[in-house]
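> Show me how the following folds:
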Amino acid sequence: MIRHFTIHTARRTALRRGGVVVEFALTAPVFFIFLLSAFEFGWLNVIRHTADNAAYEAARNAMVPGATSAEALARANEILKIVGTRAASVTVSPETIDVDTREVTVTVDVPMDRNSLILPRFTKKTMIHSSSTLRTERAEN
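Here you go, the predicted structure:
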């Protein structure tokens, strides 16, 4: 009787192992898709916040008297370089900042097809756009 019990238990254990393999085969792809998606959208969020910060810091740099658009452009690219963005486009408007300039606008565009972490297929057409407009600190005439 004891022998019959151990054979029955061994057979049940073998059946459970087969069930575990089937359950893993069904759930693992879904789990890994969620995991990779979380990494990808987390990275997209990092790029978005970096673009926002680069536009703002560059506009802050350009708003003070004596600043140039080249300095603002360099500041934005310096911040974007921290996280390693590729193919980012930074524009400063107006191109020439003089004493009559009242507002400075810095625009940052980052294409996600060149900055995707895992699968650029899902973010291929996504362009992260950030813009910051600040009033300059010029004396009123």
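> number of nearby residues for Ala38?
If you count neighbours by other CB atoms under 10 Å, Ala38 ends up with 10. All C-beta atoms are positioned from the backbone trio N, CA, C, and that covers glycine.
> host element of it?
helix 2-62 (DSSP states H and E).
> Tell me which residue is most central in the protein.
The C-alpha lying nearest the average C-alpha coordinate of the chain belongs to Leu44 (CA atoms, centre = their mean; 2.4 Å).
> separation between it and Leu134?
Distance from Leu44 to Leu134, counting by CB to CB, to the nearest Å: 26 Å.
> same question, Val92
12 Å.
> Check Thr107 too.
From Thr107 over to Leu134 (counting by CB to CB), the distance is 13 Å.
> any low-confidence regions in this structure?
Counting by pLDDT under 70, the chain contains low-confidence ranges at 1-17, 121-122, 138-141.
> again, only this time at 90
The chain contains residues with pLDDT under 90 at 1-23, 36-37, 40-41, 65-66, 96-101, 112-114, 116-126, 137-141.
> Quickly list what's touching both of Val92 and Leu134.
62, 104 (CB atoms under 8 Å, 6 or more residues apart in numbering).
> Comparing those two, which residue is more hemmed in?
The residue with more neighbours, out of Val92 and Leu134 and counting by other CB under 10 Å, is Val92; that gives 24 against 17.
> Surely that one is in a strand?
Yes. Counting by DSSP: H, G, I helix; E, B strand; the rest coil, Val92 is located in a strand.
> do you know how far the residue nearest to the centre of the chain is from Thr123?
Look at Leu44 and Thr123: by CB to CB, they are 6 Å apart.
> who touches both of those two?
Met112.
> hmm, back to that, ok, then the element right after the helix holding Ala38?
helix 69-82.
> Please find the angle between the direction vectors of that next one and helix 2-62.
170 degrees (axes from the mean of the first three to the mean of the last three CA atoms, to 10 degrees).
> before we move on, the earlier item: roughly how far is the helix holding Ala38 from the heart of the chain?
Taking CA atoms, centre = their mean, to the nearest Å, one finds helix 2-62 lying 20 Å from the centre of the chain it belongs to.
> which strands and helices sit next to that helix?
helix 69-82, strand 89-93, strand 103-111, strand 127-135 (3 or more CB pairs under 8 Å, 6 or more residues apart in numbering; DSSP states H and E).
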